[in-house]
Each structure stands twice: as structure tokens, then as C-alpha cells.
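Peer 1: sequence and predicted model, in that order:
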Amino acid sequence: MILTLASSSPRRRELLGGLGFTLEVRPAHADESVHHGEAPSDYVRRVALAKARAVDGELVLAADTTVAVDGQILGKPAGPADAARMLRLLSGRTHEVITAVCVRRPALRLEFCEVVATAVEVAPLDERVIAWYVASGEPLDKAGAYAVQGLFGAFVRGVRGSVSGVIGLPLDETLALLRRAGHPLPWDRT
């Protein structure tokens, strides 16, 4: 059974490939606008499920990640100034990284989704650090304007929950969903 990854995220591809999954990558397009009054967990679940449904395959896996602080959804920044604004919001605080994972097996009419929230504590950031980090280019295509596995990891004081979820795919929960959908895990194969 081929696992179709409905994502263009290199991080998701690396995480699954590193575990030994053979993937067919088919990026999905879905409405990623935030609906008025939508809670962060509802938002990522809606988007991940839409991505899973937008791609054909024997077994489709899709995910969506956002950063939330004070109930505000921080998606990918619109540009450097927006990235700096987001980093100021996260500075010296704990926020949530919320990822939804959906697995779909159309032939069997199976759809499973799980939402995973992880608390991330960020050290206080002064304006020099923010300017330096934004200038690195790393935050410009990341939800919440940072990558914990990149340069920003130097400013993360603690993570409570799924580290891989902060990177973009909570692996423990993803593996459980794949197994539930009947996909053999790499170490189950003989």
C-alpha cells in the first residue's frame, strides 16, 4: 500500500521518510483562511481534513499546523514585518503549537483525524535577536514565524508534548492513525 502525503512540507516528508515509509508526495490545496470565531484546534482539523479529501490515493495522510497565543492563530507570516510582530508576541511566553493529522482510506470509507497540542516556552527576545532571526529568512514560511528544529531552537526554553508535532507532524499519533487505517508500519514488514 502506497502512502500518499498530501503536503509539500519537506519536514513532514523527512519525518516519515526517516522512519522508512515509502511516500508519494501530492501537495493538496485547501482553503486555509481562518473562519470568524474559529478555534485553533477546529481550524487545523478543518484544513487537514480538506487536504486529505483533496488528494486521491489508496491511503492519504494530511496535516496542518498552527501556532496559537491567547487564542489568536498565527499562521505563516505575510512578510518580515509580520514575522517580527509574531516573534514579539511569543517572546518570554508559553504558547501552543497545534497540529491536526488526518488519514483517509477512500476504498474502505475510513477517515481518522487527531489534533495534538504542544506547549512551547520561548525565552525573552530583544529587538536585535528578532531582527537577526527575521534576516535569516527561516521564519518567513513557518507557522508562528519560527522553526524549533532550526536556529530558533536556541530560544526555546521548553516543550511539553510532542516535539515532532512542533516540527509539523506528531509521529506517535500519526503512527497510531496509520495502523488504525490498516497500513503496516516499516518495522512490521518482514
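Peer 2: That came in fine, so what should we check first?
Peer 1: would you confirm that residue 149 contacts residue 14?
Peer 2: No. Contact criterion C-beta atoms under 8 Å: residue 149 and residue 14 do not qualify, at 9.6 Å. In short, each C-beta sits where N, CA and C put it, glycine included.
Peer 1: residue boundaries of the helices in the chain?
Peer 2: 10-18, 40-54, 80-90, 127-135, 163-167, 171-180 (DSSP state H).
Peer 1: include distance to residue 154 when you put those helices into CSV, please.
Peer 2: CSV is the format used below for those (distance: least, C-beta to C-beta, whole Å):
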stretch, distance to residue 154
helix 10-18, 18
helix 40-54, 26
helix 80-90, 13
helix 127-135, 9
helix 163-167, 15
helix 171-180, 23
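Peer 1: between those, which one is nearest to residue 98?
Peer 2: Nearest to residue 98, of all these, is helix 40-54, at 5.0 Å by C-beta to C-beta.
Peer 1: helices and strands around that closest one, which ones?
Peer 2: Applying 3 or more C-beta pairs under 8 Å, 6 or more residues apart in numbering; DSSP states H and E, one finds that helix 40-54 contacts strand 59-69, strand 94-105, strand 110-122.
Peer 1: list the buried residues for it?
Peer 2: Residues of helix 40-54 classed as buried: 40-41, 43-53 (neighbour count, 16 or more other C-beta atoms under 10 Å).
Peer 1: ok, these vs residue 96, which is closest?
Peer 2: residue 40 (7.1 Å).
Peer 1: count of neighbours near the nearest residue to that closest one once chain neighbours are set aside?
Peer 2: Leaving aside its chain neighbours, residue 40 sits nearest to residue 68 (3.9 Å; criterion: C-beta to C-beta, 6 or more residues apart in numbering). If you count neighbours by other C-beta atoms under 10 Å, residue 68 ends up with 20.
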